[in-house]
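In: Give me a 3D structure for the following:
(one chain, ligands or ions: 1)
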Amino acid sequence: MSHILLITSSPRGSDSLSKRFASDLAQQLSEQHPGATLTVRDLYAQPLPHIDEAYVAGRTMPAEARSPAQAQAVGLAEALVAELQAADIIVIGSAMINFGPPSQLKAWFDYVTWPGVTFSYDGKAVQGLIKGKKVYLITASGGVFAEGPYAPYDYQSGYVKHLLGFIGLTDVEHLRVEGVAHGPDAAQAAIVNAEAAVQTLLASAA
Ligand SMILES: Cc1cc2nc3c(=O)[nH]c(=O)nc-3n(C[C@H](O)[C@H](O)[C@H](O)COP(=O)(O)O)c2cc1C
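Out: As a prediction, the model looks like this:
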């Protein structure tokens, strides 16, 4: 049985295109896998608190030594990591906000990028510990970053893919919904292209 984890993060709520296409893809993937479960983590509707000193100190100490605040912060990280570990397929929707991912998604990475738990470092090399999962990353942006003069400024997809790979998630299919701020025709074309790209991803996943 497949477990699908859908993570959305846009602050634009129901207008979000990354949420729309990530949700569509996750829903259709779950229909493609009989008996699949779908876990939804909407980081905008239920934002994570920023990491703080309780989390940073608490995650390095034995569970029985943690204060209540430390136990709560580390417990949240453990729950997020458990969601990742339980998933076979992870679908992430990310909106470009000031050239990077939404702070909501950054906060999620701050919890799940955890030495000794999701990655190890032996003094020579880093090894990601979350292995054997398929990731679909849907990014949306006002500008065009796949090519052209703004390509060097895509700090969203490079950052997200780097951190995914850092914790072991290297099998990533990336779908861009881009140029949506270049007028209504460009926005419509981006949507039509994304709809077709979702179908192509589903066909290759079947
Ligand atoms: C606060 C804010 C900042 C944004 N910053 C950028 C940006 O730096 N570059 C860009 O190309 N688009 C930017 N956009 C446009 C969004 O990336 C675009 O609306 C995209 O569709 C957002 O993803 P979503 O549809 O999933 O919400 C910004 C939008 C907002 C609301």
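In: Around the ligand, which positions in this protein sit nearby?
Out: Residues of the chain lying near the ligand by Cβ under 6 Å from any ligand atom: 10, 12, 16-19, 95-99, 140-143, 180-181. Using the backbone N, CA and C atoms, a C-beta is placed for each residue, glycine as well.
In: what do you get if the cut-off is 8 Å, keeping everything else the same?
Out: Proximity of the chain to the ligand, by Cβ under 8 Å from any ligand atom, involves residues 10-12, 15-20, 93-100, 139-145, 150, 153, 177-178, 180-181.
In: my read is Tyr44 is in a helix, agree?
Out: No: secondary structure of Tyr44 (DSSP: H, G, I helix; E, B strand; the rest coil): coil, not part of a helix.
In: Got the phi and psi for Ile191?
Out: When read as degrees, to the nearest 10, the backbone of Ile191 gives phi -70, psi -50.
In: got it, and the one 10 residues further on?
Out: For Leu201, the backbone dihedrals (degrees, to the nearest 10) come out as phi -60, psi -40.
In: which SS state does the nearest residue to it once chain neighbours are set aside fall under?
Out: Excluding the flanking residues, the one nearest Leu201 by Cβ to Cβ, 6 or more residues apart in numbering is Glu173, at 6.0 Å. Secondary structure, three-state DSSP: Glu173 is strand.
In: In this structure Ser10 contacts Ser16, no?
Out: Yes: the criterion here is Cβ atoms under 8 Å, and Ser10 meets it with Ser16 at 3.5 Å.
In: which of the two has more neighbours?
Out: More crowded of Ser10 and Ser16, by other Cβ atoms under 10 Å: Ser10, with 26 against 22.
In: hmm, back to that, quick check, pLDDT for the residue nearest to Leu201.
Out: Glu173 is assigned a pLDDT of 97 by the prediction.
In: and if you look at Ala206?
Out: If you check Ala206, the pLDDT there is 81.
In: Give me the spatial nearest neighbour of Phe99, chain neighbours excluded.
Out: Spatial nearest neighbour of Phe99, chain neighbours left out: Tyr155 (4.8 Å); criterion: Cβ to Cβ, 6+ apart.
In: Sounds good, over and out.
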